[in-house]
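Peer 1: Quick one, structure for this:
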Amino acid sequence: MPKHLFYASLQVFKNIKIGVFISLVNILIQGVNILVQNIIANNLGIVNYGYFGILQSDYSIFCAIADFGMMTLILAYFGKRATEGRLFTHVLQLRLFMTAITAILMAAFALTVRRNHPAFQGELILIAGLFFQHAFFDWYFICGKFWKKMLFSKILHTVSFASIMGVCLYGLHFDSIGLIALAMVLSAVPAFGFGVSQAFSLKILKIGSHAKKFFLLMFRSAAPYALTSLASLAYLPVGLYTVSHFAPAEFLGAYNFSHKLLLLASSLMVFFIYSSVLTLHQSDSRKLSLRDQALFTGFIVAVMTPLWLFPEWTLRIIFFASPWTPETLQISSYCLRVLSISLLLQATRLGMISTLLKEKKTGLYGTMISAGGLLNIGICAFGARLSEPSSIPFLTLSGDLFLTLFLATYFVKNRRIGW
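Peer 2: Residues are numbered from 1 along each chain as shown. Next up, the predicted model:
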């Protein structure tokens, strides 16, 4: 094998290695989360579990608003420098400031849009969760490459999450959305406390003129990243909201199981993007390597095969304690098989996304993903009115398909494809 091809192969395997590590430390908590979801589904029942999915989706959107694209911006522009000196202080001040603003927005949303919704009480309680996110300091660990500290933080949260949620759900038998939301907030406090002990300074309480200028600069720079981050929520999550409006409550509950699995897998894909950006900074190549892309896509296909071939077994194994009925399992399996196509499309465009981020072409990427998101919302909203609920999973894939084809066309047209 020629030397340049050998090093190219090493590059993609390095991407996978870093991505797998970051993903694994997050799988620690996600694995326990799946166990907890089993008990939640059992305590709430299928219908209320669907409403609980709406609550979690709302919370994810407000977490994205609180982040405002800062995670990606900090990684792309500052790297390790974000963990040192005055820059570190300003970054932490900015993160806390955005969280406070988002808490106000979430309170307004709960009191207006969700006032008569079954998840209303949970919405109010999870406002506190914005401040005590266990992943609040992930940017610090990743930028500084403090892998051991990050691993300890995830293990700590895994233990506290399992303990507190276990006592509340199994011991005290919490069976309302509000009480379960409260348990979730409490379970995140220990890992948040560890983050504070590693990355906190009293200097953040003093916001001077220099910090305000930094805030304005970051807001302007982060706007494309924020647009990209928020627009990404117009893809898979839109399917859940569409189902909640146009399908029976029982269908929403069944759909929520497959939706959660796909969101878990999709969130892990983000960490592979981060790893790819980190390694691409070590290369001057402007071309997308088809070999690297094929290797990574093959890796994702191999890992995700059970979702396509054995959806019923996958659901039964992962949600083993859920109150399945034959009809619920059938609907959920069908949705899982269809929605899994999204993972293939995401894997296909990973190299293109990380290349654009490395080159700081966030405006272009933000425009593309926003166009795809708007298209996805439109097709889901209008298509669901004219068809059966069973068509919604297919409608949800429209944005993914559009974005993948759009990015591929861009790279081909600009002759940025290489072997």
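
Peer 1: name the element the residue positioned nearest the centre of the chain belongs to?
Peer 2: By C-alpha atoms, centre = their mean, the mean C-alpha position of the chain lies nearest to S267, the distance being 3.9 Å. Assigned by DSSP states H and E, S267 falls within helix 249-280.

Peer 1: Excluding sequence neighbours, find me the nearest residue to Y255.
Peer 2: The spatially closest residue to Y255, leaving aside those adjacent along the chain, is V243, at 4.8 Å (C-beta to C-beta, 6 or more residues apart in numbering). Using the backbone N, CA and C atoms, a C-beta is placed for each residue, glycine as well.

Peer 1: so what does the helix or strand hosting that neighbour touch, helix or strand wise?
Peer 2: V243 is part of helix 236-246, with elements assigned from DSSP H and E. The contact analysis (3 or more C-beta pairs under 8 Å, 6 or more residues apart in numbering; DSSP states H and E) places helix 236-246 against helix 3-67, helix 249-280, helix 362-386, helix 392-396.

Peer 1: Packing partners of the helix or strand hosting F299?
Peer 2: Following DSSP H and E, the helix or strand that holds F299 is helix 290-309. Counting contacts by 3+ C-beta pairs under 8 Å, 6+ apart, helix 290-309 packs against helix 3-67, helix 249-280, helix 311-318, helix 326-339, helix 341-358.

Peer 1: how about 10 Å then?
Peer 2: helix 3-67, helix 249-280, helix 311-318, helix 326-339, helix 341-358, strand 417-418 (3 or more C-beta pairs under 10 Å, 6 or more residues apart in numbering; DSSP states H and E).

Peer 1: For that helix, the averaged confidence score.
Peer 2: Computed over helix 290-309, the mean pLDDT rounds to 74.

Peer 1: Ok, stretch 52-60 next?
Peer 2: Averaging pLDDT along stretch 52-60 gives 92.

Peer 1: same deal with stretch 252-270?
Peer 2: In the prediction, stretch 252-270 has an average pLDDT of 82.

Peer 1: Just the buried residues of it, please?
Peer 2: Residues of stretch 252-270 classed as buried: 252-266, 268-270 (neighbour count, 16 or more other C-beta atoms under 10 Å).

Peer 1: now could you export just the CA positions of that stretch as PDB?
Peer 2: Once non-C-alpha atoms are left out, stretch 252-270 reads as follows in PDB (Å, rounded to 0.1, in the frame of the first residue of the first chain):
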ATOM      1  CA  LEU A 252     -47.000   8.500  20.400                       C
ATOM      2  CA  GLY A 253     -46.100   6.200  23.200                       C
ATOM      3  CA  ALA A 254     -44.900   3.500  20.800                       C
ATOM      4  CA  TYR A 255     -43.100   5.900  18.600                       C
ATOM      5  CA  ASN A 256     -41.300   7.400  21.600                       C
ATOM      6  CA  PHE A 257     -39.400   4.100  22.200                       C
ATOM      7  CA  SER A 258     -37.900   4.000  18.700                       C
ATOM      8  CA  HIS A 259     -37.300   7.800  18.800                       C
ATOM      9  CA  LYS A 260     -35.200   7.500  22.000                       C
ATOM     10  CA  LEU A 261     -33.000   4.800  20.500                       C
ATOM     11  CA  LEU A 262     -32.400   6.900  17.300                       C
ATOM     12  CA  LEU A 263     -31.600  10.000  19.300                       C
ATOM     13  CA  LEU A 264     -29.100   8.100  21.400                       C
ATOM     14  CA  ALA A 265     -27.400   6.800  18.300                       C
ATOM     15  CA  SER A 266     -27.500  10.200  16.600                       C
ATOM     16  CA  SER A 267     -26.100  12.000  19.600                       C
ATOM     17  CA  LEU A 268     -23.100   9.600  19.600                       C
ATOM     18  CA  MET A 269     -22.500  10.500  16.000                       C
ATOM     19  CA  VAL A 270     -21.800  14.100  17.100                       C
END
